[in-house]
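Asks: please work out how this folds:
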Amino acid sequence: MPEIQIGLSIYKQSITYIKESIESCVNQKGVSFELTIRIDGPGGCCAESLEWISEMCSKHKHLSLLVGKERLGNFASLKIIFSKSKSKYLCQVDADDVLAPNALDIALNEIKKYPNASMIYSDCIEIDSNGTPMCLGHRSK
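Replies: Purely as a prediction, here's the structure:
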């Protein structure tokens with residue numbers, strides 16, 4: 001059983017963002033995880049994105065795809081994903097987020113240092129369309 005369940009809900013993000021987000025999850029090292037992706041209802045993503053996600057899921061055994069029959073919103077999508085999880089830890093990643101290469105390993109080590117902590121929130125670094133860091137996100141300040 002993976003230690004971390006990553007939940008990712010997709011609704012009309014561009015294929016560029018979706019690819020970067022999912023690839024940043026797939027490339028995590030040092031931790032066992034499962035990534036469940038939910039398309040949030042009909043029209044939640046284009047056919048090209050759905051095809052690419054399906055291919056990724058077939059290549060990576062720790063990826064799975066749920067195609068929602070109705071639009072529920074991000075939080076309800078995550079509730080569906082996480083309600084089926086048996087993992088000890090849950091991780092929300094938005095479809096326009098990119099994880100640093102060792103983000104999950106760092107988070108897991110930190111939460112193990114502080115077992116009474118209920119959550120960890122990482123720094124959010126805003127980037128431009130080329131992926132160049134611009135500034136620390138307002139929630140991280």
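Asks: which residues in this protein form strands?
Replies: 4-10, 33-39, 63-67, 89-92, 125-127, 133-136 (DSSP state E).
Asks: tabulate these (JSON lines), appending mean pLDDT, distance to A107 and mean neighbour count.
Replies: (Each C-beta comes from the backbone N, C-alpha and C, glycine too.) Converted to JSON lines, the strands of the chain look like this (pLDDT from 0 to 100; distance: least, Cβ to Cβ, whole Å; neighbours: other Cβ atoms under 10 Å):
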{"stretch": "strand 4-10", "mean pLDDT": "98", "distance to A107": "8", "mean neighbour count": "25"}
{"stretch": "strand 33-39", "mean pLDDT": "98", "distance to A107": "11", "mean neighbour count": "23"}
{"stretch": "strand 63-67", "mean pLDDT": "98", "distance to A107": "19", "mean neighbour count": "17"}
{"stretch": "strand 89-92", "mean pLDDT": "96", "distance to A107": "7", "mean neighbour count": "18"}
{"stretch": "strand 125-127", "mean pLDDT": "78", "distance to A107": "15", "mean neighbour count": "13"}
{"stretch": "strand 133-136", "mean pLDDT": "80", "distance to A107": "18", "mean neighbour count": "10"}
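Asks: tabulate those strands (CSV), appending distance to A103.
Replies: Listed next are the strands of the chain as CSV, based on distance: least, Cβ to Cβ, whole Å:
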stretch, distance to A103
strand 4-10, 11
strand 33-39, 11
strand 63-67, 17
strand 89-92, 9
strand 125-127, 11
strand 133-136, 15
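Asks: for I4, list the residues it contacts.
Replies: Residues near I4 by Cβ atoms under 8 Å, 6 or more residues apart in numbering: V31, S32, F33, E34, S87, K88, Y89, L90, C91, L104, L108.
Asks: helix or strand with the lowest mean pLDDT in this protein?
Replies: strand 125-127 (a mean of 78; mean pLDDT, DSSP states H and E).
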